[in-house]
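Chemist: Below is the structure, and that's it, no one-letter string:
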Ligand SMILES: [Zn+2]
């Protein structure tokens, strides 16, 4: 899910908003201002209704964000980096950069989100007891929404929080992270199918819009659960194989002072290279690929050096020829990197790419090596 703009940074973590979230924001505010609020607060003038609708919508948005911040807070405390929080049409997602190392950490990170939602539900329930109808009514609505948000997320379907809690418990019981992901993902597929079925049934029997909405969320979860399942089986297959089996030992080196236009002319178009190690007098200093080159606008290629556009080596995870492929692949997918340098004592001895890993998997499948 690509974010369209970054709203703010909280604890150093960017909060991104997808365009689809704005649709939900507008729809919610419109339905509050024209349907729910005028009915409940008949004496309030239109201006007041609009203000209450705006405040309620913002607080709803804040509630979803607070739920995600709950996950982020506990992840950061367990020294797990978080790439960002994304808000999109189905709610929010905290993008945790790597899998927690223990079942306990997974459990705490997953449980923190619903816990925040339940605390907010309690807080809004207390506010709903105030004698001012224009506060009490939206507060009781927000209390209900937060309660639903917490409960819905506790459904045991991976990748929902409840699915992650379930996965942490299976992990604790079986001792195997891969196996627990598999079991949780299969359960997640079941929950997703149930949601799609229930949604379609509702759509035809009672409420078309609510039913279709539930079915859509189910479909989204089904995709996510199936993706996790495929990823877990892949990880399991790769766990015993070292990086040295697939890494390319021939590493094209380019000087750090070269401009991007010369780099593209000589190396990319000229020699067909797509990934190069950038070196200076001290040795290798960074990695440059098509992704980094294309990030710099073409008009600035003649003024930008490879050193300015590269990803410095110290920002990349340390991979050695003995690192298991499963670990290398997990770094690449979580950080969205096409490839990684393989380093021994400060020297780049090879490159490992997602493509090479997938080719190995395919080769092993065709040879029926599992
Ligand atoms: Zn959550």
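Modeler: Right, received. Where do you want to start? Since the model is a prediction, treat every value here as computed from it, not as a measurement.
Chemist: And the residue in the stretch 51-200 of the chain that the ion sits nearest to, how close does it get to residue 21?
Modeler: Residue of the stretch 51-200 of the chain nearest the ion, by C-beta to the ion: residue 113 (3.0 Å). No exception for glycine: its C-beta is placed from N, CA and C like everyone else's. Using C-beta to C-beta, to the nearest Å, residue 113 is found at 18 Å from residue 21.
Chemist: Tell me which of the two has more neighbours.
Modeler: Between residue 113 and residue 21, counting by other C-beta atoms under 10 Å, residue 113 is the more crowded of the two (28 against 22).
Chemist: Which neighbouring elements make contact with the host helix or strand of that one?
Modeler: Assigned by DSSP states H and E, residue 113 belongs to helix 103-127. Packing partners of helix 103-127 (3 or more C-beta pairs under 8 Å, 6 or more residues apart in numbering; DSSP states H and E): helix 46-77, helix 133-153, helix 161-174.
Chemist: Mean neighbour count, mean pLDDT and distance to the ion for the ones you listed - can I get that in a markdown table?
Modeler: As requested, those are exported to a markdown table (neighbours: other C-beta atoms under 10 Å; pLDDT from 0 to 100; distance: least, C-beta to the ion, whole Å):
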| stretch | mean neighbour count | mean pLDDT | distance to the ion |
| --- | --- | --- | --- |
| helix 46-77 | 18 | 85 | 5 |
| helix 133-153 | 19 | 85 | 5 |
| helix 161-174 | 21 | 87 | 4 |
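Chemist: quick one, phi/psi of residue 253?
Modeler: phi -110, psi 140 (degrees, to the nearest 10).
Chemist: For it, name its beta-bridge partners.
Modeler: residue 277 (DSSP bridges).
Chemist: Give me the distance between it and residue 318.
Modeler: 20 Å.
Chemist: do the same with residue 184
Modeler: Distance, residue 184 to residue 318, using C-beta to C-beta: 30 Å.
Chemist: What of residue 58?
Modeler: For residue 58, the distance to residue 318 equals 43 Å [C-beta to C-beta].
Chemist: cool, and residue 23?
Modeler: For residue 23, the distance to residue 318 - C-beta to C-beta - is 42 Å.
Chemist: ok, now which ones touch the closest residue to residue 295 other than its chain neighbours?
Modeler: Excluding the flanking residues, the one nearest residue 295 by C-beta to C-beta, 6 or more residues apart in numbering is residue 309, at 7.2 Å. Applying C-beta atoms under 8 Å, 6 or more residues apart in numbering to residue 309 gives the contacts 260, 288, 292-293, 295-296.
Chemist: Likewise for residue 67?
Modeler: With C-beta under 8 Å, 6+ apart, residue 67 has these contacts: 92, 113-114, 116-117, 149-150, 153.
Chemist: so what's it closest to, chain neighbours aside?
Modeler: Distance criterion C-beta to C-beta, 6+ apart; nearest residue to residue 67, sequence neighbours excluded, is residue 113 at 4.6 Å.
Chemist: Name the residues of stretch 102-117 that are buried.
Modeler: By 16 or more other C-beta atoms under 10 Å, the buried positions in stretch 102-117 come out as 103, 105-117.
Chemist: OK, contacts around residue 327?
Modeler: By C-beta under 8 Å, 6+ apart, the contact list for residue 327 reads residue 319.
Chemist: Just the mean pLDDT for the helix or strand where it lies, thanks.
Modeler: When elements are assigned from DSSP H and E, residue 327 belongs to helix 325-334. When pLDDT is averaged over helix 325-334, the result is 80.
Chemist: Distance from that helix to the middle of the chain?
Modeler: In terms of C-alpha atoms, centre = their mean, to the nearest Å, the centre of helix 325-334 is found 15 Å from the chain centre.
Chemist: Describe which strands the helix or strand just after that helix pairs with in its sheet and in which direction.
Modeler: Following helix 325-334 in sequence order, the next helix or strand is strand 339-344 (DSSP H and E). Strands adjacent to strand 339-344 in the sheet, as given by DSSP bridges, are strand 347-353 (antiparallel).
Chemist: The partner strand: which residues count as buried?
Modeler: Under the neighbour-count criterion of 16+ other C-beta under 10 Å, strand 347-353 has 348, 350-353 buried.
Chemist: Can you tell me what sits against that strand?
Modeler: By C-beta under 8 Å, 6+ apart, the residues outside strand 347-353 that reach it are 243-244, 246-249, 251, 275, 277, 283-284, 313, 319, 321, 325, 328, 332, 338-343.
Chemist: Apply 7 Å and report the result again.
Modeler: 243, 246-249, 251, 275, 277, 283-284, 319, 321, 328, 338-342 (C-beta atoms under 7 Å, 6 or more residues apart in numbering).
Chemist: Over to stretch 254-274?
Modeler: Counting by C-beta under 7 Å, 6+ apart, residues outside stretch 254-274 touching it are 252, 276, 278-280, 285, 289-290, 293, 296, 301-302, 304-307, 309.
Chemist: Among those, which ones are in helices?
Modeler: Mapping the contacts of stretch 254-274 onto helices (DSSP state H) picks out 290, 293, 306-307, 309.
Chemist: Turn these into JSON lines, columns for pLDDT.
Modeler: JSON lines is the format used below for those (pLDDT from 0 to 100):
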{"residue": "290", "pLDDT": "81"}
{"residue": "293", "pLDDT": "81"}
{"residue": "306", "pLDDT": "80"}
{"residue": "307", "pLDDT": "82"}
{"residue": "309", "pLDDT": "78"}
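Chemist: need these in a markdown table with distance to residue 143, can you?
Modeler: Output for the ones in helices among the contacts of stretch 254-274, formatted as a markdown table (distance: C-beta to C-beta, whole Å):
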| residue | distance to residue 143 |
| --- | --- |
| 290 | 50 |
| 293 | 51 |
| 306 | 56 |
| 307 | 55 |
| 309 | 51 |
